[in-house]
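J.: Below is the structure, and that's it, no one-letter string:
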């Protein structure tokens, strides 16, 4: 089951890792399956719904990218993820390595040439 509303309820983190922004939820569903099979839980976030969720829950909606579509993000929230030795730092390295091996099914977005190597941290609290 894919989550399409807001971030996970984990309270101790304030960053999520954004792997991709894309117009097609169906293409992202394949990526969620791939990473899930490799132990990484991701969520697909509808940008329009996320703006509403953020506004209603005191989160920083201004950091969300403009336009419509979907964000592919880590389900887990992280604290201080840019620092080596933290769980977020390690998980990002793992995601980047797994991303290099991602093979999209025929007719689905390949996410080349970066294969999620350009994933970035987004601080979602004010």
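T.: Received the coordinates, thanks. Values in this document were obtained by computation on a predicted structure and should not be read as measured data.

J.: And the helices in the protein?
T.: Applying DSSP state H to the chain gives helices spanning 25-37, 47-56, 87-100.

J.: quick one: which of the ones you listed is nearest residue 122?
T.: Proximity to residue 122 (Cβ to Cβ) singles out helix 47-56 among the helices of the chain, at 10.7 Å. In short, each C-beta sits where N, CA and C put it, glycine included.

J.: just checking, what packs against that closest one?
T.: In this structure, helix 47-56 packs against strand 70-74, with contacts taken as 3 or more Cβ pairs under 8 Å, 6 or more residues apart in numbering; DSSP states H and E.

J.: What mean pLDDT does the strand it packs on get?
T.: Strand 70-74 shows a mean pLDDT of 97.

J.: what sits up against it?
T.: For strand 70-74, contacts defined as Cβ atoms under 8 Å, 6 or more residues apart in numbering pick out 4, 7, 16-25, 28, 31-32, 40-47, 50, 64-65, 91, 95, 122.

J.: on that earlier part again, same list (the helices of the chain) but as TSV, adding distance to residue 79, mean pLDDT and mean neighbour count.
T.: Putting the helices of the chain into TSV (distance: least, Cβ to Cβ, whole Å; pLDDT from 0 to 100; neighbours: other Cβ atoms under 10 Å) gives the following:
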stretch	distance to residue 79	mean pLDDT	mean neighbour count
helix 25-37	21	96	17
helix 47-56	19	94	15
helix 87-100	7	95	16
